[in-house]
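Visitor: following is a predicted model, sequence given first.
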Amino acid sequence: MHGYIYELSSEPIPEEERYSNTDLPDWFHGSISDGTSDINAEERVSAIESLLGTLAGNCTYEDGKLQFTDNVKERYFRGSFAKFKEAAALLSAASYEVFSGQEKSTEFAKAMVTIRFAYEDKFDHYIYLKDNDELVPLDAWVRDLDPKDSFFIGGIIDYHW
């Protein structure tokens with residue numbers, strides 16, 4: 001499987017200054033990724049389309065700039081919130097014995113995975129915020145996003161897990 005890391009900035013980023021494969025922090029290699037690569041111009045178009053698809057109509061991309069709808073958070077998290085609530089209900093019904101590991105429960109284990117991924121999928125796209133020098137999962141970034149902000153896309157890195 002693979003995802004992309006998108007460099008975003010409030011200002012345009014010259015091509016020679018874009019975030020690249022060699023700039024990734026050590027923690028990303030091994031804990032998230034088993035391989036990364038810079039992409040070419042053709043792959044860049046596809047990667048940007050992938051981001052726009054993931055954001056599902058909650059933004060526009062013109063002249064190298066992402067701009068968001070006012071309800072981006074409401075629309076983006078709607079599906080994962082339903083999964084989160086369902087998993088939370090299963091977890092809240094668990095017995096102490098299941099919670100403590102005295103009894104095994106496949107349903108409990110699945111609900112734990114579901115709730116983690118519904119809140120923040122660490123194997124989805126990532127955002128590198130050039131202005132803050134910060135690499136975060138897409139879900140975390142959208143949660144912190146002010147929809148009035150707009151961003152230029154700089155470097156894009158393909159990563160595999």
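Guide: Perfect, thanks for sending it. Residues are numbered from 1 along each chain as shown.

Visitor: the nearest residue to residue 157 once chain neighbours are set aside sits in which helix or strand?
Guide: Excluding the flanking residues, the one nearest residue 157 by Cβ to Cβ, 6 or more residues apart in numbering is residue 5, at 4.3 Å. For every residue, glycine as well, the C-beta is placed using N, CA and C. Per DSSP states H and E, residue 5 falls inside strand 2-9.

Visitor: tell me the average confidence for the helix or strand that comes right after that strand?
Guide: Sequence-wise, the next helix or strand downstream of strand 2-9 (DSSP H and E) is helix 28-31. For helix 28-31, the mean pLDDT works out to 85.

Visitor: and what of stretch 44-60?
Guide: 93.

Visitor: before we move on, back to that, can you verify my assumption that the residue nearest to residue 157 contacts residue 125?
Guide: Yes. Counting by Cβ atoms under 8 Å, residue 5 touches residue 125, with 7.2 Å between them.

Visitor: these two: which has the busier surroundings?
Guide: Higher neighbour count among residue 5 and residue 125: residue 5, with 25 against 20, using other Cβ atoms under 10 Å.

Visitor: ok, and the helix or strand in the chain with the lowest average confidence?
Guide: helix 28-31 (a mean of 85; mean pLDDT, DSSP states H and E).

Visitor: just how off-centre is that helix within its chain?
Guide: Here helix 28-31 is found 15 Å from its chain centre; the criterion is Cα atoms, centre = their mean, to the nearest Å.

Visitor: what packs against the helix or strand just after that helix?
Guide: Heading C-terminal from helix 28-31, the first helix or strand you meet, by DSSP H and E, is strand 35-38. The contact analysis (3 or more Cβ pairs under 8 Å, 6 or more residues apart in numbering; DSSP states H and E) places strand 35-38 against strand 150-160.

Visitor: next one: the residue nearest the centre of the chain from residue 104, what distance?
Guide: Centroid-nearest residue in the chain: residue 138, 2.3 Å away (criterion: Cα atoms, centre = their mean). Computed as Cβ to Cβ, to the nearest Å, the residue 138 to residue 104 distance reads 33 Å.

Visitor: before we move on, what about residue 134?
Guide: For residue 134, the distance to residue 104 - Cβ to Cβ - is 39 Å.

Visitor: just want to know which of those two has more residues nearby.
Guide: residue 134 (13 against 9).
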